[in-house]
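> generate a structure from the sequence data that follows.
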Amino acid sequence: MSTATPVLSARPLHRRTTAENSPQNEILTETARRQKQVLDRLQKALNDKNLVIIVGAGVTLSATADASGKPLPRTTWTGLVRNGLDYILEGDYLDASNRRIRRAYEALEDNDKAGLLDAANIMKDLLVQLRQYPTWLESVFGSLHQDVRHPAIFDVLKALHEKGAILLTTNYDDLLERFCNLRRIGRSNMDDILKFKCGDLDGVFHVHGSYQDPNEVVLDSVNYYQVMQSDEVQNILKTFLEFKTVLFVGCGSGLEDPNFDALLRWASERQKNISNRHCLLIRNGDTLNYSPLIRLKYGPDYQDLAPYLNTLLGDASQPATGAGNAPTSVSREYSNITERSVASIADLPKRPEREPLRFDFAGMNQLNSGTRLGNQTNLASSETSIPKEPARQALTHHDYTVGWICALAIEMAAAVGMLDKRHDSLPQDSRDHNSYVLGQIGPHNVAIACLPAGVPGVTPAARVASHMLSTFTSLRFGLMVGIGGGVSSQENDIRLGDVVVSQPTKSFGGVIQYDFGKTMQEGKLERTGMLNRPPDVLLRAVASLQARHMMEEPALSRYLSEMGSKYPRLASASTFPGTEHDRLFKAAYDHPATEVTCANCQSDQLITRTERGDNIPAIHYGLIASGNQLMRDGKTRERLRSELQILCFETEAAGLMDDFPCLVIRGICDYADSHESKQWQPYAAATAAAYAKELLNIISATQVVQTTAIHGGE
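Numbering: from 1, shown residues only. Here you go, the predicted model:
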């Protein structure tokens with residue numbers, strides 16, 4: 001690793017006099033030559049379509065101001081977090097005496113990265129709990145374009161892009177898209193990311209998300225963990241650092257965040273034997289130092305940024321005039337040297353490198369923010385301070401906290417398709433006959449198992465859960481995800497492809513075993529016992545998701561699209577089969593025994609329903625009926641619906657609820673009558689899996705860790 005990175009800045013030049021013929025001025029003349037050399041390389045990278053510009057908060061800060069011309073505090077990281085806390089208090093959502101609010105404000109005053117991230121964690125968690133997170137983001141960034149007073153920086157960035165520069169941003173705002181007339185590219189669409197990386201899609205890639213998609217915004221420890229673990233995001237950033245020239249504009253201390261801190265350390269080690277080519281633009285007074293970046297000082301003020309960048313569009317030897325830069329040429333020398341000038345480049349203090357930010361992502365709490373090492377030798381001699389990539393400890397069975405059980409192969413395929421990342425298999429006891437797929441969704445490690453082929457039912461489901469609990473002893477809760485038969489009514493307009501989620505009522509825990517009990521007079525079944533309800537951590541998440549969906553469109557369609565892009569053979573499962581194939585017959589009308597399909601079923605027996613305005617699956621919450629036999633009779637379905645107010649039938653959950661605390665999620669593939677069709681099964685399995693993914697993504701790792709382990713086993 002190199003020592004302190006050179007600082008290159010522009011100053012007015014004039015011809016040297018005899019009095020000025022000193023080693024000091026010789027060094028400054030050499031600095032000017034190196035500056036031109038760096039600018040020439042950047043200009044060549046631009047001309048070769050090999051320049052990547054990563055835009056940070058400094059660009060927004062330089063372009064915006066309030067009516068009086070003062071900077072907007074919310075455009076800085078600290079100001080943004082404080083704005084969120086103020087939003088909570090000013091809206092009377094919480095009182096200033098709230099312990100967490102006080103802790104967050106105190107953390108902001110710590111003036112270090114650990115404290116700032118701690119405050120961000122608290123602020124976001126409170127906004128999510130209060131169901132104000134998307135609304136707050138909109139209030140901060142939705143009208144920010146109206147505060148742009150100095151658009152010159154966007155004009156230059158647009159011109160650089162038109163000349164071939166690739167644009168990425170760590171900002172949450174949409175100013176680049178608005179002023180450069182480009183589309184937003186987010187992290188969620190894998191197909192878009194691949195096309196952008198290959199140069200087949202033009203736009204601005206939001207590395208840390210956009211306010212327009214709150215799920216993508218990287219704001220707290222969990223979000224940073226997610227983006228650091230995203231193969232797609234890390235691959236595109238590492239590819240650019242490896243093969244292109246990257247210019248960081250307006251990034252500054254933002255490069256100390258966990259994501260870019262690790263990336264730059266990776267690049268520093270990877271490229272330690274080649275000359276530095278990536279550059280960081282900083283103000284004259286800044287002392288930021290990030291190896292392996294070359295620091296280029298553009299002037300004393302943010303307003304000097306646009307004129308300096310404009311240099312790349314013309315002759316690199318003629319930087320544009322700005323508040324901090326006068327026209328320069330390497331044939332002249334620096335003048336007006338003051339006492340504040342450095343007597344010799346050799347006398348510049350070597351700013352030490354930093355230890356990496358360390359996070360305990362199991363609990364999502366930052367352990368420490370790192371300390372400054374005394375000298376470069378200590379850094380170079382450290383065995384662990386510069387990992388080639390972020391260290392990943394081998395996972396064990398104890399690292400898995402979520403158990404996901406399926407009954408059918410199509411359900412397991414959909415579950416695997418929703419994983420953000422797949423993990424290697426782990427050895428298991430010979431008494432555990434399950435076959436597992438392991439992976440990750442958000443911050444959660446998930447173990448997925450499926451019932452034996454052709455053996456559905458309550459008892460097999462209980463056996464699979466028991467084996468899973470004996471192997472993965474740190475599981476906190478489970479999910480039973482798959483297909484089911486819908487029970488549509490005037491009160492609950494359930495359609496094929498919709499999702500039904502178990503939710504407790506006053507009388508039942510969310511799932512009822514409808515075929516278990518005592519047979520009384522006249523053959524009436526008296527149901528005995530009550531199955532347990534889902535764990536509180538899941539019910540709280542369900543409530544949060546219900547509230548979110550009152551304000552926002554569910555993420556199901558996006559997750560289905562991502563699955564189809566990632567696994568082309570699952571593309572059909574992620575595609576809505578069509579309303580023309582969704583037919584609900586009257587309960588008393590049975591399917592003709594001699595017919596394979598419903599092509600010849602009487603159309604006058606169809607129930608007329610109002611068409612929906614879109615194909616987005618609806619989500620219903622209520623009781624799910626579970627039993628050992630498939631429900632295939634419309635009249636029995638209606639009798640049980642009237643008696644129990646159930647929304648769905650299935651055949652496994654009753655075997656799980658008492659010993660495997662879980663939430664049951666069912667995609668509707670038929671109407672639990674004799675008009676059964678397997679056409680909707682793949683899509684229904686996928687919509688249920690997509691809901692499970694969205695649910696897991698709003699549960700923090702901290703909430704899971706704080707939940708007591710099930711500790712099951714035979």
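> just give me the neighbour total for Arg612.
12 (other CB atoms under 10 Å). Where you see a C-beta, it was placed from the backbone N, CA and C, and this is true even at glycine.
> please read the previous query as pertaining to Val59.
Val59 has 27 nearby residues by other CB under 10 Å.
> list the contacts of it.
Listed by CB atoms under 8 Å, 6 or more residues apart in numbering, the contact set of Val59 reads 153, 157, 171, 175, 249-250, 305.
> distance between the ends of stretch 649-667?
Using CA to CA, to the nearest Å, the end-to-end distance of stretch 649-667 comes to 11 Å.
> just how off-centre is it within its chain?
Between the centre of stretch 649-667 and the centre of its chain there are 29 Å (CA atoms, centre = their mean, to the nearest Å).
> can you pull the buried residues of that stretch?
Using 16 or more other CB atoms under 10 Å as the test for burial, stretch 649-667 gives 649-657, 659-667.
> still on that earlier bit, in strands only, show me the contacts of Val59.
Taking DSSP state E as the definition of strands, these contribute Val249.
> redo the contacts of Val59 as JSON lines? Include neighbour count.
JSON lines is the format used below for these (neighbours: other CB atoms under 10 Å):
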{"residue": "Ile153", "neighbour count": "27"}
{"residue": "Leu157", "neighbour count": "28"}
{"residue": "Asn171", "neighbour count": "27"}
{"residue": "Leu175", "neighbour count": "25"}
{"residue": "Val249", "neighbour count": "25"}
{"residue": "Gly250", "neighbour count": "26"}
{"residue": "Leu305", "neighbour count": "28"}
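> will you turn the contacts of Val59 into a markdown table that also has pLDDT and distance to Cys279?
Shown next, in a markdown table, are the contacts of Val59 (pLDDT from 0 to 100; distance: CB to CB, whole Å):
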| residue | pLDDT | distance to Cys279 |
| --- | --- | --- |
| Ile153 | 93 | 17 |
| Leu157 | 94 | 15 |
| Asn171 | 94 | 19 |
| Leu175 | 95 | 22 |
| Val249 | 92 | 9 |
| Gly250 | 88 | 13 |
| Leu305 | 86 | 13 |
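> nearest to Pro427, of the contacts of Val59?
Pro427 has its nearest neighbour among these in Asn171, at 45.5 Å by CB to CB.
> quick one, strands of the stretch 551-700 of the chain?
For the stretch 551-700 of the chain, applying DSSP state E, counting those that start in this stretch gives strands covering 619-626, 646-650, 662-670.
> in TSV: those strands, plus distance to Leu496.
Below are the strands of the stretch 551-700 of the chain laid out as TSV (distance: least, CB to CB, whole Å):
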stretch	distance to Leu496
strand 619-626	13
strand 646-650	12
strand 662-670	6
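> contact partners of the strand or helix carrying Leu168?
Using DSSP states H and E, Leu168 maps to strand 166-169. With contact meaning CB under 8 Å, 6+ apart, strand 166-169 is reached by 51-56, 157, 161, 176, 180, 182, 203-207, 240, 244.
> where does the prediction get shaky in the stretch 401-550 of the chain?
For the stretch 401-550 of the chain, the stretches flagged by pLDDT under 70 are 515-530.
> who's in contact with the closest residue to Leu241 other than its chain neighbours?
In space, Leu241 comes closest to Ala267 once its chain neighbours are excluded; the distance is 4.5 Å by CB to CB, 6 or more residues apart in numbering. Each residue near Ala267 by CB under 8 Å, 6+ apart is listed here: 238, 241-242, 278, 292.
> surely Ile494 is in contact with Ile668?
Yes. When contacts are counted by CB atoms under 8 Å, Ile494 is listed as touching Ile668 (5.9 Å).
> who touches both of those two?
486, 500, 648.
> so what does the helix or strand hosting the second one touch, helix or strand wise?
Element membership of Val500 [criterion: DSSP H and E] is strand 499-502. Where contact means 3 or more CB pairs under 8 Å, 6 or more residues apart in numbering; DSSP states H and E, strand 499-502 is packed against strand 619-626, strand 662-670, helix 681-697.
> check the offset of it from the chain's centre.
On CA atoms, centre = their mean, the centre of strand 499-502 falls 24 Å from the chain's centre.
> tell me which residues are up against that strand.
Contacts of strand 499-502 (CB under 8 Å, 6+ apart): 484, 486, 494, 510-511, 534, 542, 556, 617-624, 647-648, 653, 663-668, 687-688, 691.
> would you put the C-alpha positions of that strand in CSV?
This file holds the C-alpha atoms of strand 499-502, laid out as CSV (Å, rounded to 0.1, in the frame of the first residue of the first chain):
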residue,chain,number,x,y,z
VAL,A,499,-52.2,-14.4,-0.9
VAL,A,500,-53.9,-15.5,2.3
VAL,A,501,-51.9,-15.0,5.6
SER,A,502,-52.9,-16.6,8.9
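> that strand pairs with which strands?
Strand 499-502 pairs in its sheet with strand 619-626 (parallel), strand 662-670 (antiparallel), by DSSP bridges.
> can you list the strands that the following helix or strand past that strand pairs with?
Next along the chain after strand 499-502, taking DSSP H and E as the criterion, comes strand 511-513. Within its sheet, strand 511-513 is paired with strand 619-626 (parallel), according to DSSP bridges.
> got the domain ranges for this structure?
Per automatic domain parsing, the structural domains of the chain span 7-64+150-381, 73-144, 397-705.
> and the strands in the stretch 101-250 of the chain?
166-169, 184-185, 204-206, 245-249.
> now tabulate those strands in TSV and tack on distance to Thr594.
Listed next are the strands of the stretch 101-250 of the chain as TSV, based on distance: least, CB to CB, whole Å:
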stretch	distance to Thr594
strand 166-169	62
strand 184-185	54
strand 204-206	58
strand 245-249	69
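> out of the ones you listed, flag the one nearest His675.
That would be, of the strands of the stretch 101-250 of the chain and by CB to CB, strand 184-185, which comes in at 43.8 Å.
> just to revisit the earlier point, to Ala107, which of the strands of the stretch 551-700 of the chain lies closest?
strand 662-670 (33.7 Å).
> what mean pLDDT does the closest one get?
Across strand 662-670, the average pLDDT comes to 93.
> gap between that strand and the chain center?
Using CA atoms, centre = their mean, the offset of strand 662-670 from its chain centre is 25 Å.
> next one: stretch 585-598
For stretch 585-598, the gap between its own C-alpha mean and the chain's C-alpha mean amounts to 46 Å (CA atoms, centre = their mean).
> same thing with stretch 588-608?
Centroid separation for stretch 588-608 versus its chain: 46 Å, with CA atoms, centre = their mean.
> and the contacts of it?
Residues from elsewhere that reach stretch 588-608 (CB under 8 Å, 6+ apart): 583-586, 633-635, 673-677.
> may I ask which of those residues has the most neighbours?
Scoring the contacts of stretch 588-608 on neighbours with other CB under 10 Å, the highest-scoring entry is Asp673 at 24 neighbours.
> go ahead and confirm that residue touches Asp633.
Yes. In terms of CB under 8 Å, Asp673 counts as a neighbour of Asp633; the distance is 6.5 Å.
> what number of residues lie near Thr597?
Residues near Thr597, counting by other CB under 10 Å: 10.
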